[in-house]
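Asker: just the structure for this:
(chains A and B)
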Amino acid sequence: MSSTETLARPVVTPAATPARRRRRRHPWVTGVVLSVGALATAFPFAWMIVSALKPRRESMAYPPHLLPQQLTLQYFTQLVQQLDFGRYLLNTLAVVLISMVGLLLMAMAGYGFAKFTFRGKEPIFFLVLTTMMIPVQVTMIPTYLILNGMGLTNTLVGIALPTLVSAFGVFLFRQFMTTIPTEVIEAARIDGAGEGRIFARIVLPMSRPILAVQVVLTFITGWNSFLWPLVIASDQNLYTLSVGIALLNQQVATNPSLQMAAASLMVVPVLVVFVVFQRHIVQGFALSGLK
Amino acid sequence: MRPRATPYVLVGPATLLLLAFGVLPILVAGAVSLTDLDAAGLGDVSRVRGVGLANYAELFGDAAFWQAMRNTAFYVVVGVPSVVVISLVIALLLNRSQSRFFRFLRSLYFLPAITGIVAIALVWGYLYNTQFGLVNYLLSLVGLGPVPWLSSPGLVKVSVALVAIWRGTGLNTVIFLAALQGVPKEYLEAAALDGASRLRTTWSVVLPLLRFAILFVTVTTVIAWLQFFDEAFVLTKGGPLGASTSISLFLFQQGFAGARFGYASAGSVVLFVVIAVITVLQLRGRRSDVEY
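Answerer: Have a look, this model is predicted:
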């Protein structure tokens, strides 16, 4: 666990008394320092939500009021009514769903690299890791040309495809699945279970911690994805929330309240998912053996 | 007993996708960079002509390209050390206690990392606003300002980089925290028994054990900042007068806004070579570091 607790153990000897005093004082000071930093980090979000609830007149007032004098939800209703919100939301969820297929492919690959020996395994895995080093922005234009060649521009699949599988995801799955005991898999095989069944019934359930992290991260990146929806979707019917909101920003005359309401619509669902699953995220990184 | 094909079926789809959207684009960029492919050529291949190295020659004579290169260098030099040091310090402090309160603080630090770039652009654009933005108001309380955050060519890079540092710290903090959980307790106990102070223990015991995590975070952060894009794209579109344009943004503008795919591909190849060389140098440098 923590270094503080381990440091506490030898304090029975009088020689270690200064260490004890230090232990008592430090977490408190640390807590204050960290709190100040954390509040500064999170403040823009608080400001976003507060401003979304103010009438336009107040959100453009100078000097700004920290707390709204008048609360209103009118900008949220305006967004949902004016923006083609339902469609954007559906498109965004579709992109998230397609991304989940990628998650399955990454889990499969991780299992293959972790538990099988096959010809060409090392070079293939090395190749996979190399793509981790290849920058996304560098490949932006050629990737567009490839998608264009495949006839996938202006489709939801085209939006999700370039980021469907990440080498880092494959790597995390492999790291985790290496720790699954091979005997369990062999025993199932001797009992006559097929490979697909072993994967679905044994390997996936045993990988729940890393799956949880990946599901959360996939949801977040799918929900937030902006560049590919912007580049690939020229048809307004295919806009995701982030593209719709970005374009709204250009259309409407300056109205900070409306903009902050739009930002809140983007951020709050992710916040909720994150708060519910946040323990898995940190644990997942630790479990994957990234030390 | 088990079919030979099984591992290939498992590994195949993901590997093929990674090749199609990781490796193939580099090759495509290499080939396209030798042509004059544009919007017309996209519709009718017969109109595409090979131009040899003309795109590269034009690129190296393009003042906007060099401005973007200098801006990118600025982003890397300012951004990478800030993100690595800040996230490491936050992780070391957060690791001092496993209490609920510290876990709560941890999630606050992680918030910017999970927020979509469009929302970030709206919120920071509002905070930085020169007429009614909160940042300038807070500065005015201590007698400073008003500061033209996004409209001054000299300052805009700093403003944009600040947002990216704010956003980039959380994920790396979590990676460092995960690595810190792997530090064996026995080492810390031994150091405490020997009377080492906490600072000394951190410096001489914990940091060396985090070497792999620090290398990993540094390499990925350098790659991320070399292709710096999002914050500049949404906050300033690279302006004013290209003062915040990074290489990636320059490529985007040439490729998509200008539909000069050949020219932009030449730029992509150059950026790829720069990133590859810097990454290999970092990995080399570290390897010799471990040996001594």
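
Asker: what segments of the stretch 51-200 of chain B are helices?
Answerer: B:54-60, B:63-94, B:100-110, B:117-128, B:134-141, B:156-181, B:185-193, B:198-201 (DSSP state H, counting those that start in this stretch).

Asker: any regions of chain B where pLDDT drops low?
Answerer: B:1-2, B:286-292 (pLDDT under 70).

Asker: how about the helices of the stretch 51-200 of chain B in CSV, adding distance to residue A:86 and mean neighbour count?
Answerer: Bear in mind the C-beta positions are built from the backbone N, C-alpha and C, glycine included. Below are the helices of the stretch 51-200 of chain B laid out as CSV (distance: least, Cβ to Cβ, whole Å; neighbours: other Cβ atoms under 10 Å in any protein chain shown):
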stretch, distance to residue A:86, mean neighbour count
helix B:54-60, 44, 17
helix B:63-94, 38, 19
helix B:100-110, 30, 18
helix B:117-128, 18, 24
helix B:134-141, 33, 16
helix B:156-181, 29, 23
helix B:185-193, 53, 17
helix B:198-201, 55, 15
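
Asker: any chance of TSV for those helices, columns distance to residue B:11?
Answerer: Formatted as TSV, the helices of the stretch 51-200 of chain B follow (distance: least, Cβ to Cβ, whole Å):
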stretch	distance to residue B:11
helix B:54-60	37
helix B:63-94	33
helix B:100-110	32
helix B:117-128	32
helix B:134-141	50
helix B:156-181	26
helix B:185-193	38
helix B:198-201	43
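
Asker: which of those sits closest to residue B:27?
Answerer: Of all those, it is helix B:54-60 that lies closest to residue B:27, at 16.2 Å by Cβ to Cβ.

Asker: which strands and helices sit next to that closest one?
Answerer: For helix B:54-60, the elements it packs on are helix B:261-291, judged by 3 or more Cβ pairs under 8 Å, 6 or more residues apart in numbering or on different chains; DSSP states H and E.

Asker: is the helix it packs on anywhere near chain A?
Answerer: Yes. Shown here: helix B:261-291 in contact with chain A (Cβ under 8 Å from any Cβ of the partner chain) through B:261, B:264, B:265, B:268, B:271, B:272, B:275, B:276, B:279.

Asker: off-centre distance for that helix?
Answerer: What separates the centre of helix B:261-291 from the centre of its chain is 14 Å, taken as Cα atoms, centre = their mean, to the nearest Å.

Asker: before we move on, back to that, make CSV out of the residues of helix B:261-291 next to chain A and add distance to residue A:209.
Answerer: Converted to CSV, the residues of helix B:261-291 next to chain A look like this (distance: Cβ to Cβ, whole Å):
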residue, distance to residue A:209
B:261, 44
B:264, 42
B:265, 42
B:268, 38
B:271, 37
B:272, 35
B:275, 33
B:276, 34
B:279, 30
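
Asker: out of those residues, which end up buried?
Answerer: By neighbour count, with 16 or more other Cβ atoms under 10 Å in any protein chain shown, these hold B:261, B:264, B:265, B:268, B:271, B:272, B:275, B:276, B:279 as buried.

Asker: what's the closest of those to residue A:123?
Answerer: residue B:276 (18.8 Å).

Asker: residue contacts, the closest residue to residue A:112 other than its chain neighbours?
Answerer: Nearest non-adjacent residue to residue A:112, counting by Cβ to Cβ, 6 or more residues apart in numbering or on different chains: residue B:10, 3.3 Å away. Going by Cβ atoms under 8 Å, 6 or more residues apart in numbering or on different chains, residue B:10 touches A:108, A:109, A:111, A:112, A:116, A:199.
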